[in-house]
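Participant: below is the sequence, then the predicted model.
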Amino acid sequence: MNGSKLMDYTERAGLAAAMVVLACAGGGWRVSAQTPPDVTQKPSGARISGEKTHSRTPTAGQISGEDHFFKDIYQEFYDTYRLGPADEIAIRVTGQPDYTLERVKVTPTGNIYHPLLGVVEVAGVTMPQLIERLTRDLSEYLINPKVSAELIEANSAKIGVLGDVMRPGILVMNKPMSVLEAITASGGFADSGDKSGVIVLRQLGDGRAQTLKVNVKRIFEGKASAEENIAMQAGDTIIVNGNKKKKMSYIVSLTGFGGFLGFISAGRR
């Protein structure tokens, strides 16, 4: 098998694998954080719980290198995600069940109601910032409150950007975004990124999956039509092929890829 045929075969295999994973992906991921013991410090205890709807991922001591690929992405998303309407969170105060909220939805005006604090504005706040604020406010009524918070559902429109870009991760679409804009927002192509074979994995509403190939090199050169720089949709994942561990065939084979797709598609609107 010559080199060009092998490359074509590898690409087809990666696309086929992606279609299977897209068809099977489901469930959501939950991210959580806890207040560090010294609440005067910057909250840095954010962690990914990694709990799926129907199964539990390995504990920290069992996480493989492949799992860490996505774990770091979730952590970055968690640390920077800003709450908005329809997001659902949990707030827990150790030893204070009356002031614990196991599930509360952010209102259209960006608030939640807490039985001790009353109306709390949370729109635009990250989870670590929320923990810090709640700990401070509850300290007016309770002695040394131990607060934890969990982002149960992030319902803002999300897309994933993986592969050979400078900052692979999860983007929140707070405005219309093209494939080139999404890659640019992820730091742009790495030196070895394949600009001519960018793949967009799209999860359709009826459960079907679609793969779209975009030649971003043509867009850079001004040779592409406007339609070729396709508009991103909530739940899309961009994969920029690159070196061995950044090729689509490798990424879709990772154990956490199906869960990643489920997380991206959660709360699509």
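Facilitator: Cool, the structure landed.

Participant: every contact and neighbour count from this point should use C-alpha atoms.
Facilitator: Fine.

Participant: buried residues in stretch 136-153, which are they?
Facilitator: Residues of stretch 136-153 classed as buried under the neighbour-count rule (16 or more other CA atoms under 10 Å) are R136, L138, P145, K146, V147, S148, A149, E150, L151, I152, E153.

Participant: for the residue lying closest to the last one once chain neighbours are set aside, name its beta-bridge partners.
Facilitator: To tie it back to what came earlier, the one meant is E153. Beyond its immediate neighbours in the sequence, the residue positioned closest to E153 (CA to CA, 6 or more residues apart in numbering) is E88, lying 5.0 Å away. Here E88 shows beta-bridge partners K105, E153, assigned using DSSP bridges.

Participant: so how many other residues sit close to E88?
Facilitator: By the measure other CA atoms under 10 Å, the count of residues near E88 is 20.

Participant: who's in contact with it?
Facilitator: R103, V104, K105, V106, L151, I152, E153, A154, N155 (CA atoms under 8 Å, 6 or more residues apart in numbering).

Participant: mind doing that once more with 7 Å?
Facilitator: Contacts were defined as CA atoms under 7 Å, 6 or more residues apart in numbering; by that measure E88 touches R103, V104, K105, V106, L151, I152, E153, A154.

Participant: before we move on, back to that, so which of the buried residues of stretch 136-153 belong to helices?
Facilitator: In this view, the buried residues of stretch 136-153 that belong to helices under DSSP state H are R136, L138.

Participant: okay, the buried residues of stretch 136-153 in JSON lines with pLDDT and distance to E221 next?
Facilitator: As requested, these are exported to JSON lines (pLDDT from 0 to 100; distance: CA to CA, whole Å):
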{"residue": "R136", "pLDDT": "96", "distance to E221": "53"}
{"residue": "L138", "pLDDT": "97", "distance to E221": "57"}
{"residue": "P145", "pLDDT": "96", "distance to E221": "58"}
{"residue": "K146", "pLDDT": "96", "distance to E221": "55"}
{"residue": "V147", "pLDDT": "96", "distance to E221": "52"}
{"residue": "S148", "pLDDT": "94", "distance to E221": "50"}
{"residue": "A149", "pLDDT": "93", "distance to E221": "47"}
{"residue": "E150", "pLDDT": "91", "distance to E221": "45"}
{"residue": "L151", "pLDDT": "90", "distance to E221": "42"}
{"residue": "I152", "pLDDT": "90", "distance to E221": "43"}
{"residue": "E153", "pLDDT": "87", "distance to E221": "40"}
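
Participant: and which of the buried residues of stretch 136-153 is nearest I264?
Facilitator: The closest of these to I264 turns out to be E153 (CA to CA; 10.8 Å).

Participant: how is the chain divided into domains?
Facilitator: Taking automatic domain parsing as the domain assignment, the record places the domains of the chain at 3-26+156-265, 30-153.

Participant: hey, least reliable of the ones you listed by pLDDT?
Facilitator: Ranked on mean pLDDT, the bottom entry among these is domain 30-153, at a mean of 76.

Participant: what's the spacing between V252 and V198?
Facilitator: With the distance defined as CA to CA, to the nearest Å, V252 ends up 14 Å from V198.

Participant: what do you get for R133?
Facilitator: Counting by CA to CA, the gap from R133 to V198 is 42 Å.

Participant: so for the two, which residue has more residues nearby?
Facilitator: Here R133 and V198 are set side by side on neighbour count (other CA under 10 Å), and the busier one is V198, at 23 against 16.
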